[in-house]
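Undergrad: Here is a sequence with its predicted model. Questions after.
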Amino acid sequence: MKLADFADILPHVGSISGDMDVTGLSFDSRRVQPGDLFFALPGTKADGAAFVADAVRRGAAGVVAARGAIRSPLSVPLIEVDDPRRALALATARFFGAQPEIMVAVTGTAGKTSVASFTRQIWEQAGFAAASIGTTGVVAPGRDEYGELTTPDPVSLHKLLAELAASGVTHAAMEASSHGLSQRRVDGVRFAAAAFTNIGRDHMDYHPTVEEYHQTKMRLFDTLLPPGAPAVVFADDAWSQPTIEAVERAGRKLLTVGRNGTFIALKRAEHERHRQHGEVEHEGRLYEIEVPLAGEFQLANALVAAGLAIATGLDAATAFKALKHLKGASGRLELTGTTKDGAQIYVDYAHKPEALENVLKAVRPFTTGRVVVVFGCGGDRDRGKRPIMGDIARRLADVVIVTDDNPRSEDPAAIRAEILAAVPEAREIGDRREAIRTAIAGLRTGDTLIVAGKGHEHGQEIAGRKYPFSDHEEVRKALEEMGQ
Ligand SMILES: CC(=O)N[C@H]1[C@@H](OP(=O)(O)OP(=O)(O)OC[C@H]2O[C@@H](n3ccc(=O)[nH]c3=O)[C@H](O)[C@@H]2O)O[C@H](CO)[C@@H](O)[C@@H]1O[C@H](C)C(=O)N[C@@H](C)C(=O)N[C@H](CCC(=O)O)C(=O)O
Ligand SMILES: Nc1ncnc2c1ncn2[C@@H]1O[C@H](COP(=O)(O)OP(=O)(O)OP(=O)(O)O)[C@@H](O)[C@H]1O
Ligand SMILES: N[C@H](CCC[C@H](N)C(=O)O)C(=O)O
Ligand SMILES: [Mg+2]
């Protein structure tokens, strides 16, 4: 492509020729290929402007940077913009060109992965070639890949969207994390609808206040969703009202779901251990629904997903019928094993307070014995959540084992100590493998064990190194070795 093809996104002035070839786009100097346009992004650890010389040395054909960020003269054209991250997102969308025709995004503290996966499954059952993109990776016809980020960077994202479109995928649901929204990773995607699940405590190391965190999520509705397009809002959360107001203020089409919802109104719900039943009203008609998954919260996620599918054109009866066949996203309150005595073991991705609270509450009514939890907290992330999660475990579980999650660069014992301060009666077993084994060995009839925090993850990051690790596998191996 030529620079002139990006004229509306990258205004080039003076002596810079629009005839300049752009053969690729890059925001990391270490990955620049000759002919790339290098975007110097102000980051959380470094400033991309400091790597411009490196990028040029590696063959960058031009540089895009924030106004005034580059002071010394360059041997290649410099294009100055107000918001380089947004410019990168828009330019990559233009560069890769195609995306699945109908794309939706879901934001919220918890439930994004589940909603994206459920929406894909509803579409699949309706006969569409559909994809989901998020924390657990990319799932599409003939494709199931593990991913690193919940919301990929714009270059990886638009390359992927173009591949999906080329392979015939017409529908895609993706997660929009607050980091992703704040860093403009999805600014180049054309959305047909967007959804909100809930707000809880998360990423308080990145967002100064919960209000700012919520406002960042609202970018999805007030900036990225086209005016008039449908916004599906879960109506039963403490943050539903501010979200509804933000959607209405922005002039998007508000569709609420849940007990307080009007687009899909949940009239009745019954919860069984591995199954949720409900009756919903949509446009004056009643539908019986069934979600074959553990955890009351999955009913909420299923309604949001059905809302997205209906809002983008699927008939309601097909969408509601599809819920009966939903499979849970990997590691979301997933029954991973049962002991000979009938104690049940779940792997769950709760790594933030509300999620842990929800999961422990969800299994209580079906647990005739004790609720046992094994969990830790990740390093280099919000420290404030550690004692909060300790307190939740103390209140809602009968047996607590505090172990390591991904300590990353932090001292694992110090992380555990911050959790244990709120739950001093807990057992401390740093080695996650041993913690899981100890918990399983102690299970009795009627007990439920929740191994929380790592869900689908394939590795454990300790002191900057990633070691292979899977909660699923550890549970299975432990049961096998104990002759269970
Ligand atoms: C804190 C954070 O969000 N960081 C993300 C951010 O990096 P950054 O821009 O802050 O990076 P930086 O190190 O400060 O560098 C600034 C710029 O200089 C460039 N650079 C740097 C070094 C060099 O030699 N040359 C060079 O050009 C970098 O490529 C970057 O463009 O932008 C990068 C590209 O999009 C991301 O890969 C990176 O994610 C890191 C790896 C990360 O761990 N992010 C997590 C916290 C995250 O995003 N999580 C969310 C939510 C998870 C959830 O709750 O579900 C997610 O969406 O996954
Ligand atoms: N609607 C919900 N309300 C409360 N908790 C939920 C809800 N959905 C899921 N959870 C809890 O949150 C965990 C993560 O769920 P899920 O992966 O669907 O959310 P997410 O928003 O994608 O999270 P992350 O940002 O960590 O990727 C689940 O394992 C469960 O413990
Ligand atoms: N997307 C989240 C995942 C956290 C998962 C948990 N296992 C941890 O390591 O804290 C993050 O990067 O903050
Ligand atoms: Mg997720």
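TA: Right, received. Where do you want to start? Ligands and ions are numbered 1, 2, ... in the order given.

Undergrad: Tell me the pLDDT of the closest residue to ligand 4 within the stretch 351-484 of the chain.
TA: In the stretch 351-484 of the chain, the residue that lies nearest ligand 4 is G455 (9.0 Å; CB to the ion). The way it works is simple: take the backbone N, C-alpha and C, and place the C-beta from them, glycine included. Listed pLDDT for G455 reads 96.

Undergrad: What strand or helix carries it?
TA: Remark: G455 resides in no helix or strand, with elements defined by DSSP states H and E.

Undergrad: again, but for W123
TA: helix 112-125.

Undergrad: and that helix, does that touch ligand 2?
TA: Yes: shown here: helix 112-125 in contact with ligand 2 (CB under 6 Å from any ligand atom) through 112-114.

Undergrad: Most neighbours among the residues you listed, which one?
TA: Within the residues of helix 112-125 next to ligand 2, S114 tops the neighbour count with 30 neighbours, counted by other CB atoms under 10 Å.

Undergrad: I figured that one hits L303, correct?
TA: No: with contact defined as CB atoms under 8 Å, S114 does not reach L303; the gap is 11.5 Å.

Undergrad: so who does K454 touch?
TA: By CB atoms under 8 Å, 6 or more residues apart in numbering, the residues touching K454 are 331, 347, 349, 351, 405-406, 460, 469, 471.

Undergrad: With E461 as the reference, measure out to it.
TA: Using CB to CB, to the nearest Å, one gets 11 Å for the distance from K454 to E461.

Undergrad: Overlap in contacts, those two.
TA: Common neighbours of K454 and E461 (criterion: CB under 8 Å, 6+ apart): N406.

Undergrad: Mind pulling the model confidence for E296?
TA: The model reports E296 with a pLDDT of 89.

Undergrad: wait, what's in contact with the closest residue to ligand 3 within the stretch 1-150 of the chain?
TA: As assessed by CB to the nearest ligand atom, ligand 3 sits closest to T150 within the stretch 1-150 of the chain, at 5.4 Å. Counting by CB under 8 Å, 6+ apart, T150 touches 112-113, 134-135, 175, 177, 179-180.

Undergrad: does it count as helix, strand or coil?
TA: Secondary structure, DSSP: H, G, I helix; E, B strand; the rest coil: T150 is coil.

Undergrad: ok, now V233?
TA: Reduced to three states by three-state DSSP, V233 is strand.

Undergrad: from the chain's centre, how far out does the helix or strand of the chain with the lowest mean pLDDT sit?
TA: Lowest by mean pLDDT, DSSP states H and E among the helices and strands of the chain is helix 210-219, with a mean of 89. Its chain's C-alpha centre and that of helix 210-219 lie 15 Å apart, by CA atoms, centre = their mean, to the nearest Å.

Undergrad: can you give me the helices in the stretch 101-250 of the chain?
TA: 112-125, 154-166, 178-182, 210-219, 240-250 (DSSP state H, counting those that start in this stretch).

Undergrad: Compare the mean pLDDT across those and name the weakest.
TA: Looking at the helices of the stretch 101-250 of the chain, the bottom one is helix 210-219 with a mean of 89.

Undergrad: who's in contact with the residue in the stretch 151-300 of the chain positioned nearest to ligand 4?
TA: Nearest to ligand 4 in the stretch 151-300 of the chain, going by CB to the ion, is E175, at a distance of 5.0 Å. Contact analysis of E175 by CB under 8 Å, 6+ apart lists 105-107, 112-113, 116, 133-135, 150-151.

Undergrad: what's the closest of those to L78?
TA: Nearest to L78, judged by CB to CB, of the contacts of E175 is T151 at 28.7 Å.

Undergrad: What is the neighbour count of the closest one?
TA: For T151, the count of nearby residues is 24 (other CB under 10 Å).
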